[in-house]
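# just need the structure, nothing else, for what follows:
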Amino acid sequence: MNQSGKVTIHGLGTARITVKTPNGKKAVCKVKGIRYIRANGKLSIATPKGVKKYTIYSQHKYGPYYTSYGCVTTAVAIVASSYGKSYTPRDIHTGSEGKKYSERYALKKMKKTSELRKYYNRAALSLRTASKILSNMGIKNRAVYKFNRSKAEKEIRAHLKQGKPVIIKANTNRYNGIRLANVHHAIVLVGLDSRDQIIYVNPGWVQNYKIKLSTLLRHHMPPAQGNYMTPYVLNISTAGGYILVE
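As a prediction, this is how the structure comes out:
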C-alpha cells in the first residue's frame with residue numbers, strides 16, 4: 001500500500017491492512033491475492049503452508065501410449081512435481097525395474113508378472129498402481145476405492161483445504177453439459193476456490209470446467225467395484241476411487 005492508500009496485489013495470499021487516523025479512529029480490512037495462477041506450464045496455488053507449484057504435464061505430449069492410456073502416469077508426474085520430483089510421465093513409464101519412480105519397479109513389487117506381459121502398454125494403470133508409484137517415490141498417500149459420497153466429500157474437502165492434492169478417477173457421465181472424461185480418466189484436484197469449485201489439473205483432452213466438489217462426486221466420480229485391486233484397469237467397474245496424497 002502506498003502513501004495514498006492504493007493497495008497493489010503482488011501474488012497469492014491474504015493481507016490484513018489496518019489504517020489509523022490522527023484522531024484515533026481505526027479501520028481494518030483483509031485483501032486476498034489470487035487463489036491460484038496458471039502460467040508457463042505451471043499451476044501455483046496458495047495453501048496454508050505457502051505456495052505449492054505443479055507442473056502441468058499433458059498426456060498427449062508423449063506419443064500414442066499416452067494419448068490412449070497415459071492419464072494415470074501423467075497424474076502421478078503432476079502430483080510428484082509439487083513435491084520437488086522432476087520425473088516426466090515418460091520417465092515414469094519407460095524407467096527400468098531398478099528405478100523406484102518407475103511403473104516397472106512398482107509392478108514388479110506387486111508381483112503381477114504374468115498379468116504384466118499380457119496388459120503392459122495395452123490398458124491404463126489403476127489407482128492401486130499409482131498409489132504404489134507415489135509411495136516408492138517417498139510420497140505418502142492413501143488410496144480409497146469404495147466409498148459413500150458423504151464421507152468422500154468430507155475427507156477430500158479437508159484434504160484440499162490443507163493444500164494437499166487428490167488424484168481421482170472420473171467417469172464418462174455428462175451432467176449439465178459437462179463431461180470430464182472420454183473414458184475413465186485420472187484428474188488431479190489441487191484446491192477449492194472461493195465459490196467452492198474445484199481447482200484441478202487435467203492431464204488429457206477435456207477443458208477445465210467450473211464444477212463443485214459435491215457435483216463431481218454425485219455425477220462424475222464413481223467408487224470402484226469388482227476386482228479393483230489389479231495393477232491395470234481391466235474394465236470400467238475397476239476404475240473408480242481416489243488417492244489422498246499427504
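
# tell me, what residue is most central in this protein?
Val188 (1.7 Å; CA atoms, centre = their mean).

# what is the neighbour count of Leu192?
17 (other CB atoms under 10 Å). To be clear about C-beta, it is placed using only N, CA and C from the backbone, and glycine gets the same treatment.

# hmm, back to that, dump the residue contacts of the spatially closest residue to the residue nearest to the centre of the chain that is not a sequence neighbour.
Spatial nearest neighbour of Val188, chain neighbours left out: Val201 (4.5 Å); criterion: CB to CB, 6 or more residues apart in numbering. Residues near Val201 by CB atoms under 8 Å, 6 or more residues apart in numbering: 43, 54, 56, 78, 187-188, 190.

# where does the chain have low pLDDT?
Along the chain, the model assigns pLDDT under 70 to residues 1, 3, 5-14, 31-34, 112-123.

# about what we covered before: what lies in contact with the helix or strand containing the residue nearest to the centre of the chain?
Using DSSP states H and E, Val188 sits within strand 185-192. Residues from elsewhere that reach strand 185-192 (CB under 8 Å, 6+ apart): 35-36, 43, 45-47, 52, 54, 71-72, 74-75, 78-79, 82, 127, 130, 156-157, 160-161, 163, 165-170, 180-181, 198-204, 206, 213.

# if you set the cut-off to 6 Å instead, what comes out?
Here strand 185-192 makes contact (CB atoms under 6 Å, 6 or more residues apart in numbering) with 45, 71-72, 75, 78-79, 160, 165-170, 198-202, 204.

# that strand pairs with which strands?
strand 166-170 (antiparallel), strand 198-201 (antiparallel) (DSSP bridges).

# quick one: closest of the ones you listed to Thr21.
Evaluated with CB to CB, the strands paired with strand 185-192 place strand 198-201 nearest to Thr21, the distance being 39.3 Å.

# ok, which stretches of the chain are strands?
Along the chain, counting by DSSP state E, strands occupy 14-20, 26-32, 36-39, 42-47, 50-55, 141-144, 166-170, 174-175, 178-179, 185-192, 198-201, 242-245.

# now those in CSV, with distance to Gln225?
Converted to CSV, the strands of the chain look like this (distance: least, CB to CB, whole Å):
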stretch, distance to Gln225
strand 14-20, 42
strand 26-32, 42
strand 36-39, 34
strand 42-47, 32
strand 50-55, 30
strand 141-144, 14
strand 166-170, 12
strand 174-175, 20
strand 178-179, 21
strand 185-192, 17
strand 198-201, 24
strand 242-245, 15
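
# ok, now how distant is the residue nearest to Val188 from Glu155?
20 Å (CB to CB, to the nearest Å).

# what is the burial count for Thr21?
By other CB under 10 Å, 8 other residues sit near Thr21.

# which residues touch it?
So Thr21 contacts nothing (CB under 6 Å, 6+ apart).

# measure it to Ala27 for me?
Relative to Ala27, Thr21 is positioned 8 Å away (CB to CB).

# take the longest helix along the chain, keep the C-alpha atoms, and write them as CSV.
Longest among the helix segments of the chain by residue count, using DSSP state H, is helix 149-161. The C-alpha coordinates for helix 149-161 follow below in CSV (Å, rounded to 0.1, in the frame of the first residue of the first chain):
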residue,chain,number,x,y,z
ARG,A,149,-20.4,-39.7,-1.2
SER,A,150,-20.8,-38.0,2.2
LYS,A,151,-17.6,-39.4,3.7
ALA,A,152,-15.7,-38.9,0.5
GLU,A,153,-16.7,-35.2,0.2
LYS,A,154,-15.8,-34.6,3.8
GLU,A,155,-12.3,-36.0,3.6
ILE,A,156,-11.5,-34.7,0.1
ARG,A,157,-12.6,-31.2,1.1
ALA,A,158,-10.5,-31.3,4.3
HIS,A,159,-7.5,-32.6,2.3
LEU,A,160,-7.8,-29.8,-0.3
LYS,A,161,-8.2,-27.1,2.3
